[in-house]
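Participant: what follows is a predicted structure for the sequence shown.
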Amino acid sequence: GAVVSQHPSWVICKSGTSVKIECRSLDFQATTMFWYRQFPKQSLMLMATSNEGSKATYEQGVEKDKFLINHASLTLSTLTVTSAHPEDSSFYICSARNRDYYEQYFGPGTRLTVT
Amino acid sequence: GQNIDQPTEMTATEGAIVQINCTYQTSGFNGLFWYQQHAGEAPTFLSYNVLDGLEEKGRFSSFLSRSKGYSYLLLKELQMKDSASYLCAVRDEDYKLSFGAGTTVTVRA
C-alpha cells in the first residue's frame, strides 16, 4: 500500500512556457503533500507544503507566483512551473502523508528540462 | 533552521559492514528518517527513529541519540545493489522533512 504516482515522469519544454506536474496518492488519502526539488548531486530541498483545501505554504526563497501549487482533493496535488527557464531544470519530487501514518511516501519524481 | 551533516562518500567491500553517521542541529524534532536513493530515482524509506536506541530491520539498522543529536545507519552484509546515496532526514513538528546532503556509498567486489 501507500503508493504515490507522478505524471509526467519526464518533460522537456521551451523557455517561457509553463509545465504542470501531477502528484497522486493511489491508495490513501493524502491530507498533506510536499513538493521537493533536487539538483544534480544535491539533496532534496523542500519547496512547499500543501494541505488539502488550503493554500500552500512555501519555503523561504521559493517564489509562489512561479511555482503554483494546487491541492484540490485528498488524492491530487499539482505543481505548475510558470514561465520556465533553464535554471528551473531539476528533478521534482512530491511526497504525500496521511495523518495516521508516521512517514511520507514519495512519488517517483519528474525530470524537467527547460531548453 | 536545520543543520544536518553526514559524510559525502564512503566505500566498502561486498559482504562488509558500513556505518553512516548523521549529526543534526534542528529547531524542532519529531523523528529521524533514513532513505536510500539510486541515481535518477526518488528516495525509498529505510528506517525511522523517534526514541533513543537501535531499530533493526533486516540488514539495515538505525540508531538515535536525541541528547547528542546523532544517528547512524548500519548496513550489514553489503551487496552490490546497496551502492546508492543514503539520506538522513529530520522531521519537525509540522511534519516537514529536512534532508542532509546525502552519503554516496560505493560497494566494491
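Facilitator: Ah, there it is. Residues are numbered from 1 along each chain as shown, chains lettered A, B, ... in the order given.
Participant: please count neighbours and contacts with C-alpha atoms only from this point.
Facilitator: Fine.
Participant: what about the chain, any weak spots by pLDDT?
Facilitator: If you meant another chain, say so; for now it's chain A. A:1, A:102 (pLDDT under 70).
Participant: not quite, go with chain B.
Facilitator: B:1.
Participant: for chain A, what are the nearby residues on it?
Facilitator: B:41-45, B:87, B:96-102 (Cα under 8 Å from any Cα of the partner chain).
Participant: ok, those residues vs A:Pro108, which is closest?
Facilitator: Proximity of the residues of chain B next to chain A to A:Pro108 (Cα to Cα) peaks at B:Ala42, which lies at 4.9 Å.
Participant: for the closest one, give me phi and psi.
Facilitator: With angles defined as degrees, to the nearest 10, B:Ala42 sits at phi -80, psi 160.
Participant: just give the number of residues close to it.
Facilitator: 23 (other Cα atoms under 10 Å in any protein chain shown).
Participant: excluding its backbone neighbours, what's nearest the most centrally placed residue in chain A?
Facilitator: Closest to where the C-alpha atoms of chain A average out (Cα atoms, centre = their mean) is A:Trp35, at 3.7 Å. On the basis of Cα to Cα, 6 or more residues apart in numbering or on different chains, the spatially nearest residue to A:Trp35 that is not a chain neighbour turns out to be A:Cys94, at 4.5 Å.
Participant: the one you found belongs to a strand?
Facilitator: Yes: counting by DSSP: H, G, I helix; E, B strand; the rest coil, A:Cys94 is located in a strand.
Participant: surely it is in contact with A:Thr32?
Facilitator: No: using Cα atoms under 8 Å as the test, A:Cys94 is too far from A:Thr32 to be in contact (10.5 Å).
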